[in-house]
Structures are given as C-alpha cells and as structure tokens.
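In: just to be clear, the model below is a prediction. Sequence and coordinates:
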Amino acid sequence: MTTLSLPFTTSSDARPGFDIGPVARTLVSIACFTMCFFVVIALGRVAFGLVDNLHHYAKLPVIIHVATVLPAVPLGGFLLLARKGTKMHKQLGKLWLVLMLVTATSAIFIQSSGGFSFIHIFVPITFHAAWKTIATARKGDIAGHKKHLTITYLTALMIPGIVAFALPGRLMNMMLLG
C-alpha cells in the first residue's frame, strides 16, 4: 500500500534523528533566519540609542512577553532543524514549550485600547498546540508531534512576529523602524 507523504514528514519517521521534510525545512529555515535578522536589527537600534519613546512599553507583561518570545524564535528554529530524539533535543524542547506558554500567557495581559486585538487569537492556538505537542510525543506519534511543532512554529510564532514588525505602534515596529 502506498501512502501520501506530507511535506512536513519524511518516509523514515521511525528512525532516531527523524527530520522534517524539505518543504517544511525550507520554510522553517527562511522564517527563522529572517525573523532573527529583524530582531537583531531592532535590538541593535535600541542598544545604540536610535529609538526614542519606548518608556510606554515598559510594563511587566510586555517585558515578560518580549523576554520569552525573543529566545523562542531561534531556539524553535534550531530544534526543528537539528537532530531529533537526543537528550538535548528533549530538554531544549521542554524549555521552548515553557517559553511559548509564558509568551502566550503574558499576551493575555497586553491589551491595546482596553481590549483584545485580533492577534490574541494566537493565545488559545498556542495553548492547544502545546497540549497536542505533549500528547503526540507521549503517545509516540512522532509524525504527529513534528507536524504540530512545525505548524506551531510557523503560525503561532512567525505570524504574530510578522504582525509585530509590520503594524505601526507595536513595540517591534517601533524598534525596527521608529
């Protein structure tokens, strides 16, 4: 019997060191590199004093959110692209999951104009993805595990990141262009 292979999987999911498929690997690589590049530029602009008026962003939920999401970007990319199944992969994966959950939780307390914005839809998506990630890993469903993680990385991390850089008035937009 033949099976249809998703671009997120390879034909040898059972072997140690499984990998994501070439399409997903390319998407993750481009997304991770591009987002890290813009983050470094934005942080560099702040470090060199090229950005004014960041004092109104100095609120605890924003600080926690930024402090947890910034390392989640390169760490998630590394985990998706590096060898899987090792002790280091499992430990760093748990750290990444905690970073993502803290990022999502802190986002609940960041509200513009006294309410939630459309970007808050990623909070329940992230919580659901975290549950599915743990559930699939514990069941030994490695194909499902990596599919959920790849989709989570590209949607719950990259899409809000792009929005944060693109929308005027958001912190990352101010740091990059302000």
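Out: Received, thanks.

In: could you export the lowest-mean-pLDDT helix or strand in the chain as PDB, CA atoms only?
Out: Least confident helix or strand, the chain: helix 142-152 with a mean of 90, by mean pLDDT, DSSP states H and E. Once non-C-alpha atoms are left out, helix 142-152 reads as follows in PDB (Å, rounded to 0.1, in the frame of the first residue of the first chain):
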ATOM      1  CA  ILE A 142       6.400  11.200  16.200                       C
ATOM      2  CA  ALA A 143       4.900  12.200  12.800                       C
ATOM      3  CA  GLY A 144       2.100  14.000  14.600                       C
ATOM      4  CA  HIS A 145       4.500  15.600  17.100                       C
ATOM      5  CA  LYS A 146       6.700  17.100  14.400                       C
ATOM      6  CA  LYS A 147       3.700  18.200  12.300                       C
ATOM      7  CA  HIS A 148       2.200  20.000  15.300                       C
ATOM      8  CA  LEU A 149       5.500  21.600  16.200                       C
ATOM      9  CA  THR A 150       6.300  22.700  12.600                       C
ATOM     10  CA  ILE A 151       2.800  24.300  12.200                       C
ATOM     11  CA  THR A 152       3.000  25.800  15.700                       C
END
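
In: any idea how far the spatially most central residue of the chain lies from Gly49?
Out: Central residue of the chain (CA atoms, centre = their mean): Leu157, 3.1 Å from the mean position. According to CB to CB, to the nearest Å, Leu157 and Gly49 sit 29 Å apart. All C-beta atoms are positioned from the backbone trio N, CA, C, and that covers glycine.

In: check this protein for its longest helix and report it.
Out: Using DSSP state H, we find that the single longest helix of the chain is helix 22-47.

In: what residues does the next helix or strand after that one touch?
Out: Using DSSP states H and E, the next helix or strand after helix 22-47 towards the C-terminus is helix 60-81. Contact partners of helix 60-81, identified using CB atoms under 8 Å, 6 or more residues apart in numbering, comprise 20, 24-25, 28-29, 31-33, 35-36, 39, 43, 89, 92-93, 95-96, 99-100, 102-103, 106-107, 109-110, 146, 149-150, 153, 157, 161, 171.
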